[in-house]
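1. sequence first, predicted model second:
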Amino acid sequence: MTSDYSEPSNGDDNPIIVLFRQDLRISDNRALSAAAHTGRPVVPVFALEHARLAGRSLGGSRRWWLHRSLDALSGKLAALGSPLVLLSGDLEASLERLVAQTGANTVLWNRRYDPPGAAADAKLKTVLRNKSIRLHSFEGQLLHEPTLLTTGTGNPFRVYSPFWRALLRNDEPREPLSAPDHLRPPENAVKGETLESFQLNPVRPDWSAGLRESWQPGEDHALKRLETFLENDLENYISERDLPSRPSTSLLSPHLAHGEITPFQVWHATRTAFKSGCTADAEKFRKEIAWREFSYHLLFHNPKLDSANFNRAFDRFPWADDARRLEIWQRGRTGYPLVDAGMRQLWQTGWMHNRVRMVCASFLVKHLMIDWRHGERWFWDTLVDADPASNAASWQWVAGCGADAAPYFRVFNPILQGEKFDPDGTYIRHFVPELGQLSNKYVHRPWEATETELRAAGVKLGTNYPKPVVEHQPARNRALEAYQAMRGAA
Ligand SMILES: Cc1cc2nc3c(=O)[nH]c(=O)nc-3n(C[C@H](O)[C@H](O)[C@H](O)COP(=O)(O)OP(=O)(O)OC[C@H]3O[C@@H](n4cnc5c(N)ncnc54)[C@H](O)[C@@H]3O)c2cc1C
């Protein structure tokens, strides 16, 4: 398959502009392949305006990633023959200038599904069409367009399991496309901005050392990551994916978020795993990919997913306005070792293990009773995989106000979660080194250790490691009472 894009049969040889956004790759890129296929000159473009996502400024971690991802993409496009042109300033005006400069008469892009992005694209379409520019957009970020799967009554899904079944009933996702082997450059080289001028890297302070140690952005690394995961880790996915100290999940989320790899590539690559007998693990992994799809389905049909409770009854919830406790949580100083390890993993590496994300998010909204939107914003700013759909949907899921949400009364116990999923405290010791010398028995509950044990481990509660910011049981009771009161007020 190449594309469903058909060229006018008038021998047109004008350049085609390909706009890159959350699709920073050359393989399985339908807009790029369609342009290359015409044999006409291709001008690949990334506009600084697209460093905004879902109508919001990108967080610091995603900006750091974007710099490297653009750098990698730039190198790949240059090797194919037509370097990436970076534009800044007003997009419509700079595109108009580019059209005038190159004689381009066609613009292609892969679609975005976040509502502000889709609305901006619709507006751009109208503007360009009025200037007699041909336009075509392609699917590419999701296995299925968000409008394709519907319930039996033709409505959007609100529950994941039937969504998953509908996804399976639908046609097998298309085969991924290979990268074009050549791009014809425009006759006159186009001069754009420099990547440095985008100022995506943190300076004063440069806090990115942990990110540099943890990640290698770019399409080649994304494909390699997938290969390594399928070869080494998929067979233990079900048994180990909840253990934060094990390298047992794919770590593909930032690559998917930047479109360095597509869900089609991931989906089809797992086929060999099905053949080699890892059926249950491969299916579980595909189900996680489908959670990403489901999140986009929810966002597409609920544009305010990141700001409004899906369940409007939660508009009455008495959230605590507590900036001090919010900061304690953000800095990983709650006194609950698993929560603190997770929040510090996030701060240091720009990523957090899924199980720990659930525990940390639950702690904020239930133990501290702080509005989930504060947590969503913190994750947005700090995650390298911050995603308008998955972040908002997951926060609402944990808070109990989302579609198909975890029931509010399910309050994760951060101590038991630690003992179950990090039994020997390896994860905690790594990110909370102050507790490194405590025995397995107390590493999840240091406040229960005797003075002698604490002294032997070099822990001074309230000095070099905090006492718990709230007590688990009373905090849980307080949250459940507030929930009951909210329901009673209906
Ligand atoms: C409070 C909270 C906030 C979250 N915010 C984000 C976010 O901003 N961006 C993001 O990509 N994920 C988010 N997640 C989902 C999940 O934690 C990450 O996708 C996962 O940890 C990424 O690691 P991985 O690539 O190794 O996952 P794997 O287990 O290898 O899963 C493969 C892929 O499936 C998708 N996926 C897995 N779990 C989920 C899920 N629960 N929801 C949606 N997609 C999923 C991701 O694209 C992931 O890369 C959030 C979860 C919680 C609880």
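-> Nice, I can see it.

2. okay, and for the stretch 201-350 of the chain, where does confidence drop off?
-> Scanning the stretch 201-350 of the chain for pLDDT under 70 picks out nothing.

3. same for the longest helix seen in the chain, what does it pack against?
-> As assigned by DSSP state H, the longest helix anywhere in the chain is helix 279-301. Applying 3 or more Cβ pairs under 8 Å, 6 or more residues apart in numbering; DSSP states H and E, we find helix 279-301 packed against helix 115-130, helix 160-169, helix 237-240, helix 263-269, helix 271-275, helix 388-399. For every residue, glycine as well, the C-beta is placed using N, CA and C.

4. out of those, flag the one nearest R455.
-> helix 237-240 (35.3 Å; Cβ to Cβ).

5. which residues does that closest one contact?
-> 233, 246, 248-249, 278, 280-282, 284-285 (Cβ atoms under 8 Å, 6 or more residues apart in numbering).

6. okay, that helix in CSV with CA atoms only?
-> Provided in CSV are the C-alpha atoms of helix 237-240 (Å, rounded to 0.1, in the frame of the first residue of the first chain):
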residue,chain,number,x,y,z
TYR,A,237,5.0,-8.8,30.1
ILE,A,238,2.0,-10.1,32.1
SER,A,239,4.0,-11.4,35.1
GLU,A,240,6.3,-8.4,35.4
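
7. and that helix, how far from the chain's centre?
-> Distance of helix 237-240 from the chain centroid (Cα atoms, centre = their mean, to the nearest Å) equals 21 Å.

8. quick check, the next helix or strand after it touching the ligand?
-> Sequence-wise, the next helix or strand downstream of helix 237-240 (DSSP states H and E) is helix 253-257. Yes - using Cβ under 6 Å from any ligand atom, we find that helix 253-257 touches the ligand at 253, 256-257.

9. packing partners for helix 253-257?
-> Applying 3+ Cβ pairs under 8 Å, 6+ apart, one finds that helix 253-257 contacts helix 219-228.

10. next, the buried residues of the helix it packs on.
-> Across helix 219-228, burial judged by 16 or more other Cβ atoms under 10 Å covers 219, 221-223, 225-226.

11. tabulate the CA atom coordinates of it in CSV.
-> Extracted in CSV, the C-alpha atoms of helix 219-228 (Å, rounded to 0.1, in the frame of the first residue of the first chain):
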residue,chain,number,x,y,z
GLU,A,219,12.8,7.2,15.1
ASP,A,220,15.8,4.8,14.9
HIS,A,221,15.8,4.5,18.7
ALA,A,222,12.1,4.0,18.7
LEU,A,223,12.3,1.1,16.3
LYS,A,224,15.2,-0.4,18.1
ARG,A,225,13.3,-0.1,21.4
LEU,A,226,10.4,-2.0,20.0
GLU,A,227,12.7,-4.7,18.7
THR,A,228,14.5,-5.1,22.0
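
12. how many other residues sit next to A78?
-> 14 (other Cβ atoms under 10 Å).

13. sounds good, over and out.
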